[in-house]
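Novice: sequence below, structure please.
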Amino acid sequence: MLQTLLDQGLDYHDSESERLACELEAAADEATASELAPLLKLTNHTIGEHLADWPRARRLAERVMAGRAPDATSATAWARLTVARFLDGDAAGASAAELAGLAASGERLMTALIETRIWLVGALVGSKRRDEAVAIYPGALALARQAGDAAPVREIAVASNNVAAELAEEASRSPAEDALMREAAEAAHEYWRRCGTWQNEERALHLRTMVANELGASEEALAHANAGLAVIEANGEAPIDAAFLRLARARALNGLDRADEADGDLALAEAAAAGWDDDGLASWFDEERAKAVK
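Specialist: Residues are numbered from 1 along each chain as shown. So this is what the prediction gives:
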């Protein structure tokens, strides 16, 4: 039951968060040592971020970790408990959990330290506590770059991508949040190039295009969009990604008062989207198109 939830829960964690939360709470006690970390990752995100109920997320995390001694298998789960406690306002308890996990990390000590900070930043942004994320992220990223090969490359790519994407969707941001959004988008691109596929790279370039558009940097946005389309052309086909890159490119072109060129990209994007039968994808397309034609 629990493994099924871990495998399928992300499919509806945002649309049916309460349902998934109850299912996870009911099945949590059957978690094996290897299931602890993915369980707490999902409960923190679903209960803590989507339901905005960090006390509940913390209670579940503490319940499944109770009586377990820190070891190499559970070290990552202790890091997830760290996040739940911190977001619930228990700094001392968070530090205790983090130290337990770090002590069990062995040769992964530096990797584990950076992972915990990166996950904390993601949870803070997801919980609309952006001032705290702004305070932590630059230092965590600097430590990751200093760590070199010990840095958790994929975790940084994923978390940075999520931070930048979430901030780009906000209606308003402070100058500090704009700086965080830009830095996170740049880091997502940097680290996806180190660990991902060409699809990860072109999507990271789409994100950088979106961020540059949000910041009013139309020339920069156009350059990133062109680079993303070039990656697709050089490697294969990605019609959905290309359509969204076209929308972002059109927005940049309109920002440069190049409306005729923008209309061409809009037409290509609309033609690609005409056959889509996914309501969520179509809704996102409409939202991005509205930005492109302003």
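
Novice: isn't Gly216 up against Gly255?
Specialist: Yes - between Gly216 and Gly255 a contact is recorded at 6.9 Å, counting by Cβ atoms under 8 Å. C-beta: built from backbone N, CA, C; applies to glycine.

Novice: so those two - more neighbours on which side?
Specialist: Gly255 (19 against 10; other Cβ atoms under 10 Å).

Novice: measure the more buried one to Leu222 for me?
Specialist: Noted for Gly255: a distance of 8 Å to Leu222, by Cβ to Cβ, to the nearest Å.

Novice: over to Asp178?
Specialist: 19 Å.

Novice: the more surrounded of the two?
Specialist: Counted by other Cβ under 10 Å, Asp178 and Leu222 do not tie: Leu222 has more neighbours, with 23 against 15.

Novice: which element is the more buried one on?
Specialist: helix 218-235 (DSSP states H and E).

Novice: following element in sequence after the helix or strand where Leu120 lies, please.
Specialist: In the assignment (DSSP H and E), Leu120 maps to helix 109-126. Per DSSP H and E, the first helix or strand lying C-terminal to helix 109-126 is helix 130-147.

Novice: contacts for that following helix, please.
Specialist: 110-111, 113-114, 117-118, 120-121, 124-125, 151-152, 156, 160, 163, 167, 173-174, 176-177, 179-180, 183-184, 187 (Cβ atoms under 8 Å, 6 or more residues apart in numbering).

Novice: report the buried members of those.
Specialist: Using 16 or more other Cβ atoms under 10 Å as the burial test, the contacts of helix 130-147 include 110-111, 113-114, 117-118, 120-121, 124-125, 151-152, 156, 160, 163, 167, 173, 177, 180, 183-184, 187 as buried.

Novice: send the alpha carbons of the helix or strand hosting Asp286 over as PDB?
Specialist: In the assignment (DSSP H and E), Asp286 maps to helix 279-292. Coordinates of each C-alpha in helix 279-292 appear next as PDB, following Å, rounded to 0.1, in the frame of the first residue of the first chain:
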ATOM      1  CA  ASP A 279      -6.800  20.300 -20.000                       C
ATOM      2  CA  GLY A 280      -4.000  21.200 -17.600                       C
ATOM      3  CA  LEU A 281      -1.500  21.600 -20.400                       C
ATOM      4  CA  ALA A 282      -4.000  23.700 -22.400                       C
ATOM      5  CA  SER A 283      -4.700  25.900 -19.400                       C
ATOM      6  CA  TRP A 284      -1.000  26.500 -18.800                       C
ATOM      7  CA  PHE A 285      -0.600  27.400 -22.500                       C
ATOM      8  CA  ASP A 286      -3.400  29.900 -22.300                       C
ATOM      9  CA  GLU A 287      -1.800  31.500 -19.300                       C
ATOM     10  CA  GLU A 288       1.500  31.800 -21.000                       C
ATOM     11  CA  ARG A 289       0.000  33.000 -24.200                       C
ATOM     12  CA  ALA A 290      -1.800  35.800 -22.300                       C
ATOM     13  CA  LYS A 291       1.600  37.000 -21.100                       C
ATOM     14  CA  ALA A 292       3.100  36.800 -24.500                       C
END
